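>>> curious how this folds, go ahead:
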Amino acid sequence: METSRLEAFSDGVMAIIITITVLGIRVPEEPTLAGLLAVAPAFAIYAWSFQTVGTYWNNHHHLLRTAKQISPAIMWANLHLLFWLSLIPFATEWLGRHIAAPWPTAAYAALLLAAAVAYNILQQAIIADQGEGSELARAIGQDWKDKISLVLYAAAVGAAFLSPWASYGLVVLVLAIWFLPDPRVRPPPAR
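As a prediction, the model looks like this:
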């Protein structure tokens, strides 16, 4: 399979995830500022989830550009990532309705941890297929971003039961780390 086909499929799934996520925000019951403020937590969690999916989409694009072809292992690893990302609408709505509650916060952080593990598995599948001397293998080297992200997400799961706000801070820190695509992984120049 060509990389463009897998990328187009993944782009479509991520666009649907974002669309479904916004449907979890309910229109205010009252036509007042107080009514709008009542849905502000849900909107904030949606904005956070939108940025998370957008960051995955951006980095995923750059990641797939390093693959020369798509093997069955890469296809399955990609589906594994998309599975976890597809649960973001559910976790977003639950957290949006119960902001600062330990279990929804922990579930959201655990979901992001699972997606990060899946992204790492996808990277490793590309490296296994392309070889240890591949562009991706050379680019990620020691790969501190992945390792620190996994640690921070795991800490965010535990922190949810001590202080949900600390958990949010850890998750936002990971988002900040990945906001710009990994400078080590760049798409090839346009032909």
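>>> just the pLDDT at residue 186, thanks.
At residue 186, the model reports a pLDDT of 59.
>>> what of residue 15?
96.
>>> let me see the mean pLDDT of the longest helix anywhere in the chain.
Scanning the chain for the helix with the most residues, using DSSP state H, yields helix 102-130. The pLDDT scores in helix 102-130 average 96.
>>> so residue 155 touches residue 169, yeah?
No. If you go by C-beta atoms under 8 Å, residue 155 and residue 169 don't touch, sitting 10.2 Å apart. All C-beta spots, glycine's among them, are computed from the backbone N, C-alpha and C.
>>> for the helix or strand residue 167 falls within, give the mean pLDDT please.
Residue 167 is part of helix 164-178 when elements are defined by DSSP states H and E. On average, the pLDDT along helix 164-178 is 94.
>>> what does that helix contact?
48, 51-52, 55, 59, 99-102, 105-106, 108-109, 112, 116, 145, 148-149, 152-153, 155-157, 159-160 (C-beta atoms under 8 Å, 6 or more residues apart in numbering).
>>> swap in stretch 52-67?
3, 6-7, 10-11, 14, 17-18, 21, 74, 81, 85, 88, 112, 115, 119, 122-123, 126, 129-130, 134-136, 139, 175, 178-179, 181-182, 185-188.
>>> what comes up buried for it?
52-53, 55-67 (16 or more other C-beta atoms under 10 Å).
>>> and what of stretch 164-184?
Going by 16+ other C-beta under 10 Å, stretch 164-184 has these buried residues: 164, 167, 168, 170, 171, 174, 175, 177, 178, 181, 182.
>>> next: stretch 150-166.
Under 16+ other C-beta under 10 Å, the buried positions of stretch 150-166 are 150, 152, 153, 154, 155, 156, 157, 159, 160, 164.
>>> and those residues, which is closest to residue 36?
residue 164 (23.1 Å; C-beta to C-beta).
>>> check the gap between that closest one and residue 143 for me.
Using C-beta to C-beta, to the nearest Å, we find residue 164 at a distance of 29 Å from residue 143.
>>> and for residue 49?
In terms of C-beta to C-beta, residue 49 sits 25 Å off from residue 143.
>>> between the two, which one's more packed in?
Using other C-beta atoms under 10 Å, the more surrounded residue of residue 49 and residue 143 is residue 49, with 26 against 15.
>>> excluding covalently adjacent residues, which one is nearest to the more buried one?
residue 92 (4.3 Å; C-beta to C-beta, 6 or more residues apart in numbering).
>>> you'd agree that neighbour is up against residue 24?
Yes. Here residue 92 reaches residue 24: they are 5.8 Å apart, a contact under C-beta under 8 Å.
>>> no more questions from me, cheers.
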